[in-house]
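J.: turn this into a model:
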Amino acid sequence: MQKFDDIHAVLQAIHGGERFLISAHARPDGDAVGSILACGMILDQLGKQVDMVSCDGVPLIYRGLPCASSIRQVECVEGDYDAVILLECDGIERSRLQGLEDRFIINIDHHVSGRIFGAINWIDNDACAVAEMVYDLATLAGVRVTTEMATCLYTAVLTDTGSFCYAGTDAHTFELAGDLVRQGANPTTIAQHTYFSNPTSKMLLLGAALSNLRREGRLAWMWVTHNDMMRTSAAEEDCEGLVNYAISISGVDVAVFLRELPNRRVRLSIRSKGSIDVAGIAEGLGGGGHLHASGCTIDGPLSAAESRILDLLRATARNSMHSAGVVV
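T.: As a prediction, this is how the structure comes out:
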């Protein structure tokens, strides 16, 4: 019942306003970009004025999405808006946008780390992606799901479920994907644009990360330094998905990818195959995300960050094995 109350509150706020801003978390991924675009298309069909912004640019692999060029890169939000719709944020700070304080915020999130911080808060941990929630909003609003909207939403679902591999993927996820295909999304074209359009810099960075690959029983990790980023001419977005090469190893249940930032802080991408809740670990370090796919940024130097996260993961892995009755 709460879910339906929340989505109706969102739609009521949309109907009651005229001018809206839509954004998502910093370093937008496929779900953030696709959902911003689809949400913008919904509001456009409803006759609303819409601005779509991000503090970071749209990653290269998503720039071919319909209307992707309409997402402006800004640092500060200026102007009058009846509401700001924030997707996949656990607070306005996660957007890294200035100028959101004291605005009417509509908070839409599906992460287990989602928090109530807006005037309206619609949080659905059962949704496979925030794109699923945007699709539900489109259905409730009675707008037409165009080929362009379906393409954006399918891309979001595909990427946020790890190509339908992450825990939480179920029959409903495939029903949603099927609906989007029937409404015009081309799964072959979308997959090619998403997975077979990587820049050379990403492949070189992957090589650097794999050269640092380490394994300890059920745990695997790898890292890149800031010098690796400079040497390969890699962009921040080139780091996306590299952790999946570590978690794909047979017998590995949890993996982490560490990236050294220019300020010597370290960004972590953590993945689990199911037995370990990495969202709880990331949240304890100031980040968050999915139960089995999360991230955070912690203090360096790189060696200290590596020791800190490995100690946490080792302890969590031991506890999960004890809980399962495995003698260690």
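
J.: surely residue 46 touches residue 140?
T.: No: contact criterion Cβ atoms under 8 Å: residue 46 and residue 140 do not qualify, at 11.5 Å. Placement of C-beta: from N, CA and C, glycine included.

J.: please point out which parts of the helix or strand containing residue 306 sit buried.
T.: Using DSSP states H and E, residue 306 sits in helix 302-323. Residues of helix 302-323 classed as buried: 302, 305-306, 308-310, 312-313, 316-317, 320-321 (neighbour count, 16 or more other Cβ atoms under 10 Å).

J.: and for stretch 102-113?
T.: So for stretch 102-113, counting by 16+ other Cβ under 10 Å, buried means 103, 105-113.

J.: for it, what is the distance to the chain centroid?
T.: Chain-centre distance of stretch 102-113: 14 Å, with Cα atoms, centre = their mean, to the nearest Å.

J.: same thing with stretch 200-216?
T.: On Cα atoms, centre = their mean, the centre of stretch 200-216 falls 22 Å from that of its chain.

J.: stretch 45-52 too?
T.: Averaging C-alpha positions (Cα atoms, centre = their mean) puts stretch 45-52 23 Å from its chain's average.

J.: do stretch 199-216 as well
T.: The answer for stretch 199-216 is 22 Å, by Cα atoms, centre = their mean.

J.: now it: average pLDDT?
T.: The pLDDT scores in stretch 199-216 average 97.

J.: now do stretch 223-230, average pLDDT.
T.: Regarding stretch 223-230, the rounded mean pLDDT is 97.

J.: domain assignment for the chain?
T.: With domains defined by automatic domain parsing, the chain comprises 2-194, 200-323.

J.: and the helix or strand residue 14 falls within, which residues are buried?
T.: Secondary structure from DSSP H and E places residue 14 in helix 2-16. Neighbour counts over helix 2-16 (16+ other Cβ under 10 Å) mark 6-7, 10-11, 13-14 as buried.

J.: and if you look at stretch 211-228?
T.: Quick answer for stretch 211-228 (16+ other Cβ under 10 Å): 218-224, 228.

J.: extract the CA atoms of it and return them as CSV.
T.: Output of stretch 211-228 as CSV, limited to C-alpha atoms (Å, rounded to 0.1, in the frame of the first residue of the first chain):
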residue,chain,number,x,y,z
SER,A,211,48.2,-6.9,-13.9
ASN,A,212,47.5,-6.1,-10.2
LEU,A,213,44.9,-8.8,-9.8
ARG,A,214,45.2,-10.7,-6.5
ARG,A,215,43.2,-13.6,-5.0
GLU,A,216,42.9,-14.9,-1.5
GLY,A,217,40.4,-17.8,-1.3
ARG,A,218,36.9,-16.5,-1.9
LEU,A,219,38.2,-12.9,-2.2
ALA,A,220,39.7,-11.2,-5.2
TRP,A,221,40.8,-7.6,-5.7
MET,A,222,42.6,-5.4,-8.1
TRP,A,223,43.6,-1.7,-8.4
VAL,A,224,44.8,1.1,-10.6
THR,A,225,46.9,4.1,-9.5
HIS,A,226,46.4,7.7,-10.6
ASN,A,227,49.5,7.2,-12.7
ASP,A,228,47.8,4.3,-14.5
